[in-house]
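S.K.: Using only what follows, build the 3D model:
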Amino acid sequence: MHKHPVITVAVLLKGEITVYLEDGSQKMKLLPGKVDIEVVNTWHYGINEGTEPAEVIVFYAGVKGTPVMIKK
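M.R.: Numbers count the residues shown, from 1 in each chain. So this is what the prediction gives:
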């Protein structure tokens, strides 16, 4: 479980990642080639539910010195 205090954009290259919010609801399902903006300041986690390892590129837009991820 973690949250991002900055804008986070993910691009999945391989695999399949499902992102769940703290209450257990599904936020999004990333598939190869899909680009998505993650939730900001909201506790969540991702699970690779595919059959192969996931490869993802993540872009963070924040202020220098601000953490990009906070673990619960």
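
S.K.: Could you pull up the residues touching Met1?
M.R.: Taking C-beta atoms under 8 Å, 6 or more residues apart in numbering as the criterion, Met1 is in contact with 22, 43-45, 71-72. (Each C-beta comes from the backbone N, C-alpha and C, glycine too.)

S.K.: do Tyr45 as well
M.R.: Residues touching Tyr45, when contacts are defined by C-beta under 8 Å, 6+ apart, comprise 1-2, 19-20.

S.K.: does it belong to a helix or a strand, and which?
M.R.: Taking DSSP states H and E as the criterion, the element that holds Tyr45 is strand 44-48.

S.K.: Give the buried residues for that strand.
M.R.: 44, 46, 48 (16 or more other C-beta atoms under 10 Å).

S.K.: what sits against the residue nearest the centre of the chain?
M.R.: Computing the C-alpha centroid of the chain and ranking residues by C-alpha atoms, centre = their mean puts Glu38 first, at 5.3 Å. Glu38 makes contact with 4, 8-10, 19, 44, according to C-beta under 8 Å, 6+ apart.

S.K.: Pick out the most distant pair among the contacts of Met1.
M.R.: Taking C-beta to C-beta as the measure, the contacts of Met1 span a maximum distance of 13.0 Å, between Glu22 and Lys71.

S.K.: So between those two, which is more surrounded?
M.R.: The neighbour comparison of Glu22 against Lys71 (other C-beta atoms under 10 Å) goes to Glu22, with 12 against 8.

S.K.: related to what we said a few turns ago, ok, so of the contacts of Met1, who is nearest Phe59?
M.R.: Within the contacts of Met1, the smallest distance to Phe59 is 17.2 Å, found for His44 (C-beta to C-beta).

S.K.: could you dump stretch 42-55 to CSV, C-alpha only?
M.R.: Extracted in CSV, the C-alpha atoms of stretch 42-55 (Å, rounded to 0.1, in the frame of the first residue of the first chain):
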residue,chain,number,x,y,z
THR,A,42,-4.8,8.1,-2.3
TRP,A,43,-3.7,4.8,-0.7
HIS,A,44,-3.5,2.1,-3.4
TYR,A,45,-1.5,-0.9,-4.6
GLY,A,46,-0.9,-2.8,-7.8
ILE,A,47,-0.8,-6.5,-8.6
ASN,A,48,0.6,-8.2,-11.6
GLU,A,49,-2.3,-10.5,-12.6
GLY,A,50,-0.8,-11.5,-15.9
THR,A,51,1.2,-14.6,-16.8
GLU,A,52,4.5,-12.8,-17.6
PRO,A,53,6.6,-10.3,-15.6
ALA,A,54,5.3,-6.7,-16.0
GLU,A,55,7.5,-3.9,-17.4
